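S.K.: Pasting the sequence and the predicted coordinates here, then a few questions.
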Amino acid sequence: MGPLTVLAASADRQALVPMGAGYLVLMSALALGLRFLYRPRATQAGSRRRGWAALARHVIGTVVGGYLLLMAVVVAYYYAVARVGPGFLDSAVTGTALLIGLAAPVFAAASWLTERLRRRRGRPACQPPVPGDLLPPREASTARHLLVGYLAWAVLFGALFAWEGLALAGVSGVPSLSGVVRVIMRYPVGRWVLFALWLWAGWRFFIRRWLLLFRA
Amino acid sequence: MARYLLIGYLAWAVLFGALFVWEGLALAGVSGVPSLSGVFGVIMRHPVGRWVLFALWLWAGWHFFVRGWHFLLRA
């Protein structure tokens, strides 16, 4: 076993705590989401500001809030769980900022292109998903169906986290997700595909749906 | 050992396959199957939910694309 493998294995074990925390956070978020699902709408669609400026404000708020939250977690992890190395905090602060800097022009271009294509096709704006209307009021039976769908997502994510937990705990024959990704990223095409997938996920979850919502 | 690892890799493939199948069912409009963006959309109604999900996404990018390179470059 080479020194790199030892270092990677050690880093993997240290990652068990934040992974567990990440699991709890995700499950709590899903539970909160379920609660919101059954709660009456808090905001009126008409009261929401529209247009590019409103979208920009919304996105900047999400980016700044998410970045600060991540930095708080990283700093807490570094000082309370494991001092993984002198470059860890630097890498976290600058690396994530670099990623935001890389993603921002891609997202801006994709937003501009989406709008341009929509206008060129001459389609009327599709019904924007207003937060309260993301899941419109449904009958009790449908809501129960939706609850099952939600629980299925929770189970799927739970299985992913459980498998990753086994890997990080050092169970033989269970590769961690990082290990799998490292294997894929040995090849340039693998790196491009994974990076593109990551960008696409960010675009889909944090920009596209809000682009529809804030469409003027 | 190699076979054990192969099973481990296959398990990852099955898990992600299940995620994609479930998402596919949702996008195909199967009743009672919410899409992942629908689920996240509900969570993201609240600013804290948006921050948490954005932080998770950003962390994934840093962990897989930046931190790994840093580590390898240092080695």
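M.R.: All right, it came through fine.
S.K.: okay, CA-based contacts and neighbour counts for the rest of this
M.R.: Fine.
S.K.: Could you report the neighbour count for A:G61?
M.R.: 15 (other CA atoms under 10 Å in any protein chain shown).
S.K.: Please enumerate the helices of chain A.
M.R.: Secondary structure of chain A (DSSP state H): helices at A:3-14, A:16-37, A:52-80, A:88-121, A:140-168, A:177-184, A:188-202, A:209-213.
S.K.: Tell me who's in contact with the closest residue to chain A within chain B.
M.R.: Of all residues in chain B, the one sitting closest to chain A is B:W51 (3.9 Å; CA to the nearest CA). By CA atoms under 8 Å, 6 or more residues apart in numbering or on different chains, the contact list for B:W51 reads A:62-63, A:65-67, A:69.
S.K.: Could you rank the residues you listed by neighbour count and give me the top one?
M.R.: When neighbours are counted by other CA under 10 Å, A:G66 leads the contacts of B:W51 with 25 neighbours.
S.K.: right, and that residue touches B:W59 too?
M.R.: No. Between A:G66 and B:W59 there is no contact under CA atoms under 8 Å: 9.8 Å.
S.K.: where are the low-confidence patches of the chain?
M.R.: Using chain A here. The model of chain A has pLDDT under 70 over residues A:1-14, A:37-49, A:123-145, A:215-216.
S.K.: wrong chain, I was asking about chain B
M.R.: Judged by pLDDT under 70, the stretches of chain B that qualify are B:1-4, B:68-75.
S.K.: the strands in chain B, which residues?
M.R.: Taking DSSP state E, chain B contains no strands at all.
S.K.: Contacting chain B as well, which ones from the contacts of B:W51?
M.R.: Counting by CA under 8 Å from any CA of the partner chain, A:62-63, A:65-67, A:69 from these sit close to chain B.
S.K.: just the residues you listed now: which is nearest A:S172?
M.R.: Proximity of the ones next to chain B among the contacts of B:W51 to A:S172, judged by CA to CA, is greatest for A:L69, which lies at 34.0 Å.
S.K.: Now the longest helix belonging to chain B: buried residues?
M.R.: Taking DSSP H as the criterion, chain B has its longest helix at helix B:2-27. Neighbour-count burial for helix B:2-27, counted by 16 or more other CA atoms under 10 Å in any protein chain shown, picks out B:8-9, B:11-12, B:15, B:19, B:22-23, B:25-26.
S.K.: Just send the residues you listed back as TSV, with distance to chain A too.
M.R.: Formatted as TSV, the buried residues of helix B:2-27 follow (distance: CA to the nearest CA, whole Å):
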residue	distance to chain A
B:G8	5
B:Y9	7
B:A11	8
B:W12	8
B:L15	7
B:L19	7
B:W22	8
B:E23	9
B:L25	11
B:A26	9
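S.K.: So of these, which two are at opposite extremes in space?
M.R.: Top of the distance list for the buried residues of helix B:2-27 (CA to CA): B:G8 and B:A26, 27.4 Å.
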